[in-house]
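**Q** Provided below for reference: sequence and predicted model.
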Amino acid sequence: MSVQDMLEGHAAGVNAFPAETEALGNQPLQPTIENGWKVFELTAQEVTWETEPGVFVDAMGFNGTVPGPELRVNPGDKVRIIVRNEMTQPTTMHLHGVTVPNGMDGVPYITQDPIMPGGFFTYEFEVVDPPGFYVYHSHFNSTEQVGKGMYGAIYIEPKGGFSDVYGEKIEVESTMFLGDGPTGYVLNGKGFPATQPIVAELGDDVLIHLANDGALIHPMHLHGYHFEVVAEDGFVLEQPYMADTLMVAPGQRFDILVKADYPGVWAYHCHILPHVEGPAGMFGMVTALVVQ
Amino acid sequence: MSVQDMLEGHAAGVNAFPAETEALGNQPLQPTIENGWKVFELTAQEVTWETEPGVFVDAMGFNGTVPGPELRVNPGDKVRIIVRNEMTQPTTMHLHGVTVPNGMDGVPYITQDPIMPGGFFTYEFEVVDPPGFYVYHSHFNSTEQVGKGMYGAIYIEPKGGFSDVYGEKIEVESTMFLGDGPTGYVLNGKGFPATQPIVAELGDDVLIHLANDGALIHPMHLHGYHFEVVAEDGFVLEQPYMADTLMVAPGQRFDILVKADYPGVWAYHCHILPHVEGPAGMFGMVTALVVQ
Amino acid sequence: MSVQDMLEGHAAGVNAFPAETEALGNQPLQPTIENGWKVFELTAQEVTWETEPGVFVDAMGFNGTVPGPELRVNPGDKVRIIVRNEMTQPTTMHLHGVTVPNGMDGVPYITQDPIMPGGFFTYEFEVVDPPGFYVYHSHFNSTEQVGKGMYGAIYIEPKGGFSDVYGEKIEVESTMFLGDGPTGYVLNGKGFPATQPIVAELGDDVLIHLANDGALIHPMHLHGYHFEVVAEDGFVLEQPYMADTLMVAPGQRFDILVKADYPGVWAYHCHILPHVEGPAGMFGMVTALVVQ
């Protein structure tokens, strides 16, 4: 590749960031309340998903997005999640890390029959876990279904939100799902420059929930900062530690805290470089922490 | 693949679990006692190994199994391990993590000459390490030899067993070797549905020893539970931590404790989904914790 | 491969170790002092690099070596690093983990224009971080540029060196960069048998700085010893822990301490066996701790 093409490629990505695409995942889903139960409705769908401007992939998602919508519940809640299947193949849903009765665990033929196309299944449980960050995802033909985007966030939080968990006022809360495979290298279903930055004011306490539902381990590096790793798999660490690069394996979740003390645009990306930058510049698993 | 084929495939695996195959690894090997030494005899062999019903692979194993037999020793023991080579290529044995004199370290031409086909080598050492979970494995042409199954467990334990290490009565103790490569994706040398479940009674304290002698990192996820990570590489952690998914890299060992408080059949599997589930259902690195 | 070829291959590598090759990386670079600033000069170059005897690869390096030279600074220092580009493509430099003003962060078109062939850029910052081990590396077309060797060590250390950090006299200090990709599997830019051993006297306290600037995660296993993991990403761990195998992901750094209490030649290698040993013996990411 010529020097000129390299320069133009590197510049074009940065200039386009954050690029607009059709639809974003991680949208809040409000439950309805029925006889004291919080009821969420999720629909599994085959969708065409725009990962970066003009790049459309065959995806699968809950409620049409990758990741699916965000569910927020409180300790002690009675929760009902109705999962409808509008796809052309069966599915199930697993509440990864959440303590549920065995019959609600979502493993086909072990704990339930698959949800057939056109059918539905109702997952019910009481929240007995402490506050933390959890994930729901498909557990049928999962290499394809999770690989194509059937995952989303479920937060167990106190009434006061995660500020109450970490003992300081969280001004910015952000969630980042790592993905690879059929959707390409993506953060929250988007590849750079269509990834969304995390935007904070100087001095803010920023909480980032990290989850990986891809098939590779991704070490996520934040420029210019050391962050504090404060929770793993939904559990607050008794011994938090500092890092600037954190491995997140498929199935793992971490909470990290960043004190936004340095102004600027700080790249935040997977440090496996073939996932983020080639001769034509950055792509894939790159975003930024923007401190204003 | 048709929906019907998907359903039948997913059901068939679960219905067959745990499927019978020829021979299991991790069998206890009793030492003989000679002048105060505990003497174990291991024989390296090329074997045909059934990883799941009807699937036979060219393997290599100690005493004919993958993994090899389990060796149990106590702190202060004088240990002698005689390794005979009945294979068609040379070999050596490395006591991974165990403190031994340099001449017993098993690295060809650095600490010993290779053990020729038909020959043997005697590894001798006194146990100076604290109680913990260790591994022995080939250290000659090791991509092939370890990849094909030449690894096994060596436990350094107090007279009272691991209950004395962790300060609670361990009702169920289980060991899980992760493997990939020539044997396929396997747990203790078997792929689902031929993997063996961990069976516990409600309320049991379950100790799982995890080791990886494959060539990939595997994040192991237990459904329905949070477990406590209590030891790494044979050392009890001063700061144990909770998780539901634990990365185990080649060469690493972990001990995890599960309090079997929830009845049911709980999947336990690698969360790199291409290692465990395709359109025709589960395979490879999947087993279950069965709490009765 | 015949048994004889296997034996000869295994022996040849060990007999040649440590083999000589043209040039070594990690050489100390003395700064000049200008008006109270420590000034380092780095030049990015395309080089032919000998990874093992007779094996030459197309590489890229700072000041002609892989890794580049070692920079040592003290807390509070004013540091200026002049990076000249003598390559045929643009570049930038990122100070990975070091707290610097945003304009010194080295991300093309986000914090600076690329350094054109024939041009230079001056990175300036005051050292505000606590003592620790950091890395500088290219951040333009980085899969190629870092993959081919554009990385090096920057140590922030007290006047008394790392002995002051860890509260014990460090007799041996060693740095190990893990690499893969275009340079092959390398430690400090060299593959076995051209890797350099770590040499200690019996009883020495040995500090090893580990960094990974490859594209794969490498679990590094030290034979015969348990080491103490004392720092991660430049930060001293409040809760150090013992291990014999440590995963190091691209972008991560660790400090480990070894008390050299056991004499002998102890292999130290990546435990992903396809990175270290085949039918013809050891290669790639293998070296040794030699305790005399």
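**A** Arrived safely.
**Q** A:Ile82 touches A:Glu41, doesn't it?
**A** Yes: contact criterion C-beta atoms under 8 Å: A:Ile82 and A:Glu41 qualify, at 5.0 Å. Every C-beta, even on glycine, is put in place using the N, C-alpha and C of the backbone.
**Q** does A:Pro182 really touch A:Val66, like I thought?
**A** No: at 10.3 Å, A:Pro182 does not count as touching A:Val66 under the criterion of C-beta under 8 Å.
**Q** Tell me which of these two has more neighbours.
**A** Each of A:Pro182 and A:Val66 has its neighbours counted (other C-beta atoms under 10 Å in any protein chain shown); A:Val66 has more, 30 against 18.
**Q** OK, contacts around the more buried one?
**A** With contact taken as C-beta atoms under 8 Å, 6 or more residues apart in numbering or on different chains, A:Val66 is in contact with A:Gly25, A:Val47, A:Trp49, A:Ala59, A:Lys148, A:Gly149, A:Tyr151, A:Gly179, A:Thr183, A:Val186, A:Asn188, A:Gly189.
**Q** For the fifth one, which non-adjacent residue is spatially closest?
**A** Okay, so that is A:Lys148. With C-beta to C-beta, 6 or more residues apart in numbering or on different chains as the criterion, A:Lys148 has its nearest non-adjacent residue at 4.1 Å, and that residue is A:Met60.
**Q** Report the buried residues of the one helix or strand the one you found maps to.
**A** Assigned by DSSP states H and E, A:Met60 belongs to strand A:55-62. Using 16 or more other C-beta atoms under 10 Å in any protein chain shown as the test for burial, strand A:55-62 gives A:Val57, A:Ala59, A:Met60, A:Gly61, A:Phe62.
**Q** The fourth one and chain B, how far apart?
**A** Applying C-beta to the nearest C-beta, to the nearest Å, the value for A:Gly61 to chain B is 16 Å.
**Q** repeat for the third one
**A** Using C-beta to the nearest C-beta, one gets 13 Å for the distance from A:Met60 to chain B.
**Q** Same question for the first one.
**A** Computed as C-beta to the nearest C-beta, the A:Val57 to chain B distance reads 17 Å.
**Q** Residue numbers of the stretch 151-292 of chain A in contact with chain B?
**A** Proximity of the stretch 151-292 of chain A to chain B (C-beta under 8 Å from any C-beta of the partner chain) is limited to residues A:215-217, A:232-235, A:237-239, A:247, A:249-252.
**Q** Packing partners of the strand holding A:Met60?
**A** Judged by 3 or more C-beta pairs under 8 Å, 6 or more residues apart in numbering or on different chains; DSSP states H and E, the packing partners of strand A:55-62 are strand A:37-52.
**Q** Surely A:Pro31 touches A:Pro69?
**A** No: assessed by C-beta under 8 Å, A:Pro31 is found out of contact with A:Pro69, at 10.6 Å.
**Q** more neighbours, those two?
**A** Taking other C-beta under 10 Å, A:Pro31 and A:Pro69 do not tie; A:Pro69 has more neighbours (22 against 17).
**Q** How about residues contacting the strand holding A:Met60?
**A** A:25, A:42-51, A:66-69, A:83, A:87, A:136, A:138, A:144-145, A:148-150, A:152, A:182-184, A:189, A:191.
**Q** Please repeat the previous calculation with a cut-off of 7 Å.
**A** For strand A:55-62, the surrounding residues in contact (C-beta atoms under 7 Å, 6 or more residues apart in numbering or on different chains) are A:42-51, A:66, A:68-69, A:87, A:145, A:148-150, A:152, A:182-184.
**Q** now the buried residues of strand A:55-62 as JSON lines including distance to C:Met1?
**A** JSON lines is the format used below for these (distance: C-beta to C-beta, whole Å):
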{"residue": "A:Val57", "distance to C:Met1": "44"}
{"residue": "A:Ala59", "distance to C:Met1": "46"}
{"residue": "A:Met60", "distance to C:Met1": "46"}
{"residue": "A:Gly61", "distance to C:Met1": "50"}
{"residue": "A:Phe62", "distance to C:Met1": "52"}
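**Q** Relative to A:Val100, which of those is nearest.
**A** Comparing these against A:Val100 with C-beta to C-beta places A:Phe62 closest, at 17.5 Å.
**Q** Please, which helix or strand holds A:Leu289?
**A** Following DSSP H and E, one finds A:Leu289 within strand A:286-291.
**Q** Now chain A against chain C: closest residue?
**A** Relative to chain C, the nearest point of chain A is A:Gly264 (2.6 Å; C-beta to the nearest C-beta).
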